[in-house]
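Colleague: got a sequence here, can you model it:
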Amino acid sequence: MPPEKQILVIQHTVTEKLGILEQHLKNINVTYNYVKPFLGDILPANSNEFAGLIVLGGPQSGYQEMEYPYLIDEKRYIRQALQKNTPILGICLGSQLIAECLGSKIYSGAQMQIGWNEVHLSENTIAKAYDSELSHTIKPLHWHQDIYEIPRDSISLGYSKFTESEGFIYKNNVLGLLFHLEPTLDQIKEMIHAFPDDVLASKINKKYFIKESEKNIVQMHQSGNVIFSKWCALL
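Modeller: Model prediction:
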């Protein structure tokens with residue numbers, strides 16, 4: 001077995017965790033440390049001790065530095081990791097922070113998007129990153145309002161009927177997903193309970209949402225397993 005590696009996971013809320021990503025890391029003998037700036041945790045001074053970085057989602061907006069000053073340090077840390085070509089994975093808010101660090105602007109979309117909507121992956125994404133292992137159309141969980149343009153020198157991951165830019169690949173070692181592929185069904189239920197205002201704003205019936213989650217979660221995890229295994233292979 002190869003020597004154990006360690007990555008850093010930046011968490012923004014107690015409900016959004018690694019989910020199925022945890023098993024992928026265990027499969028390749030990679031351990032992880034959660035750091036929770038929203039609870040007062042301080043980020044490491046540098047990224048030298050970590051083989052990779054995962055930046056998870058959360059209710060914050062990437063441009064809310066006045067409300068959440070720790071976002072300033074997070075962006076500093078992300079930029080440092082980018083300069084060192086560290087493998088980075090950003091999910092939802094995490095992808096927004098990475099996109100800003102690469103020069104894009106984060107801005108509020110027309111409406112809160114919550115639910116199960118198809119994402120049509122770009123031909124570049126399929127050809128350069130995932131070959132035939134991934135369907136051209138996937139159905140992830142969406143839970144966001146903020147959006148961004150694809151960073152310069154990045155490959156567009158794909159689009160949905162609501163969002164032109166659903167994610168990006170940068171330099172083959174940085175992956176940003178505006179949507180979710182990682183949560184378990186229990187985590188989704190926790191998110192529904194933790195963010196009732198989001199659900200209300202989206203005019204979604206909670207019972208219907210849970211039924212849709214039960215129906216779609218297996219295929220979502222199938223797509224997630226392909227994407228996450230490819231990223232984990234970079235560690």
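Colleague: beta partners of the spatially most central residue of the chain?
Modeller: Centroid-nearest residue in the chain: residue 91, 0.7 Å away (criterion: Cα atoms, centre = their mean). When assigned by DSSP bridges, residue 91 has beta-bridge partners residue 177.
Colleague: residue contacts, it?
Modeller: 16, 54-57, 177, 180-182 (Cβ atoms under 8 Å, 6 or more residues apart in numbering). Glycine gets a C-beta too; all of them are placed from N, C-alpha and C.
Colleague: so which elements touch the lengthiest strand in the chain?
Modeller: Of all segments of type strand in the chain, defined using DSSP state E, the longest is strand 106-116. Under the contact definition 3 or more Cβ pairs under 8 Å, 6 or more residues apart in numbering; DSSP states H and E, strand 106-116 sits against helix 93-101, strand 141-148, helix 196-201, helix 206-232.
Colleague: can you give me the buried ones in it?
Modeller: For strand 106-116, the neighbour count (16 or more other Cβ atoms under 10 Å) marks 106, 112-116 as buried.
Colleague: gap between stretch 166-185 and the chain center?
Modeller: Put simply, stretch 166-185 sits 5 Å off its chain's centre (Cα atoms, centre = their mean, to the nearest Å).
Colleague: hmm, back to that, do you know how far the residue nearest to the centre of the chain is from residue 19?
Modeller: 9 Å (Cβ to Cβ, to the nearest Å).
Colleague: list the residues that contact both of those two?
Modeller: residue 182.
Colleague: closest one to residue 168 out of the contacts of residue 91, please.
Modeller: Closest to residue 168 out of those is residue 177 (8.9 Å), distances taken as Cβ to Cβ.
Colleague: low-confidence ranges in the chain?
Modeller: 1-3, 126-132 (pLDDT under 70).
Colleague: pairing partners for the longest strand of the chain, with directions?
Modeller: Strand pairing for strand 106-116, determined by DSSP bridges: strand 141-148 (antiparallel).
Colleague: what's the following helix or strand after the partner strand?
Modeller: strand 154-156 (DSSP states H and E).
Colleague: give the pairing partners of the helix or strand that that next one is followed by; include direction for each.
Modeller: Sequence order places strand 158-159 as the next helix or strand after strand 154-156, per DSSP H and E. Strand partners for strand 158-159, identified by DSSP bridges, are recorded as strand 119-121 (antiparallel).
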